[in-house]
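S.K.: One predicted model, sequence on top.
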Amino acid sequence: MLQYGMICPLVPLSLAVMRLAFAASREILVGHRMDSATIQSLLTFASTLAAAVSAVAAWAAMRLSRESAQFEREQGRPWFSFENLRMEPRRLPRQPGEEGSGAVDHSIGIAKGNLKNYGTRPATNIQSSVFIIFDDPNISPIESAHNLTDDFPPGADWLVQFGTQQMDGTNHPGFNIVAGVKYDDPLTQKHYRQLFYARWPGVLEGHVHGDMITLERGKQEALVVRCRSALSAYI
């Protein structure tokens, strides 16, 4: 990419070259007698050289302007975060005449998260899946696909529910979560894919961990290697 400091010297350089050429021509004319054809050749050379430098400077300035505009468009692209991952107890439907929001069934946990567009432009053609991956490699990942809106504006927040888990036992080893999202930037016509990783710690001695924790980078990479086929649409 061109830098502004590379272009600035080119503009005065073209003027300096022209002045230098004309000054050299004057000195030659003073010390030597030349015919008009030679004088005209010197003047033509000076003008051509200055014009060439000016043309290079104009091309460089135009390219820098184009690259700057492209950089600004890239900076404004839509991008997502999958956050507030949690396991909540299932809320039962409210019975007739019952006040409040209904009873809570602690024996069933519902995995939830929020997908949010932190970019400055909307995203289109959005597809998302959440994969529950157990530590046992013999158990295939469980995929929960979601059809999101075709136009996801900046700042929009989408609640995603991606699984239920029996919670009535005293212990549960937990599981890993990989959430994938792919989408288009309508301005640049570029396609993007993102992956997010977390882990639900499970149930230990009757204590249910509600919040999910960040997965270490090494474990993220290991999950991608192990489940590449299932995750291929988002890699």
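M.R.: That came through fine.
S.K.: Met48: what secondary structure?
M.R.: In this structure residue 48 is Thr, not Met. Following DSSP: H, G, I helix; E, B strand; the rest coil, the label given to Thr48 is helix.
S.K.: how about the top strand by length along the chain as CSV, C-alpha atoms only?
M.R.: Looking across the chain with DSSP state E, the single longest strand is strand 104-117. Below are the C-alpha coordinates for strand 104-117, written out as CSV (Å, rounded to 0.1, in the frame of the first residue of the first chain):
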residue,chain,number,x,y,z
VAL,A,104,-39.0,-22.8,36.7
ASP,A,105,-38.0,-26.3,36.0
HIS,A,106,-34.5,-26.7,37.3
SER,A,107,-34.2,-30.2,35.9
ILE,A,108,-33.9,-28.9,32.3
GLY,A,109,-31.3,-26.4,31.3
ILE,A,110,-31.6,-24.3,28.1
ALA,A,111,-28.4,-23.1,26.4
LYS,A,112,-28.6,-19.5,25.2
GLY,A,113,-26.4,-16.8,23.7
ASN,A,114,-26.7,-13.4,22.0
LEU,A,115,-25.4,-12.7,18.5
LYS,A,116,-24.7,-9.0,18.0
ASN,A,117,-23.5,-7.0,15.0
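S.K.: What are the structural domain limits within this protein?
M.R.: 4-75, 80-93+102-234 (automatic domain parsing).
S.K.: got the residue ranges for the helices in the chain?
M.R.: Here the chain has its helices, by DSSP state H, at 4-7, 10-31, 36-75, 217-226, 228-231.
S.K.: Just the mean pLDDT for the third one, thanks.
M.R.: Yep, that's helix 36-75 we're talking about. Averaged across helix 36-75, the pLDDT comes to 62.
S.K.: Check the second one too.
M.R.: Confidence for helix 10-31, expressed as mean pLDDT, is 54.
S.K.: same deal with the fourth one?
M.R.: When the per-residue pLDDT values of helix 217-226 are averaged, the result is 95.
S.K.: So which elements touch it?
M.R.: Packing partners of helix 217-226 (3 or more Cβ pairs under 8 Å, 6 or more residues apart in numbering; DSSP states H and E): strand 175-185, strand 190-200. (Glycine included, C-beta is placed from N, CA and C.)
S.K.: Show me the contact partners of it.
M.R.: With Cβ atoms under 8 Å, 6 or more residues apart in numbering as the contact definition, helix 217-226 has outside contacts at Ile133, Pro137, Asn176, Val178, Leu195, Tyr197, Arg199, Leu215, Leu231, Ile235.
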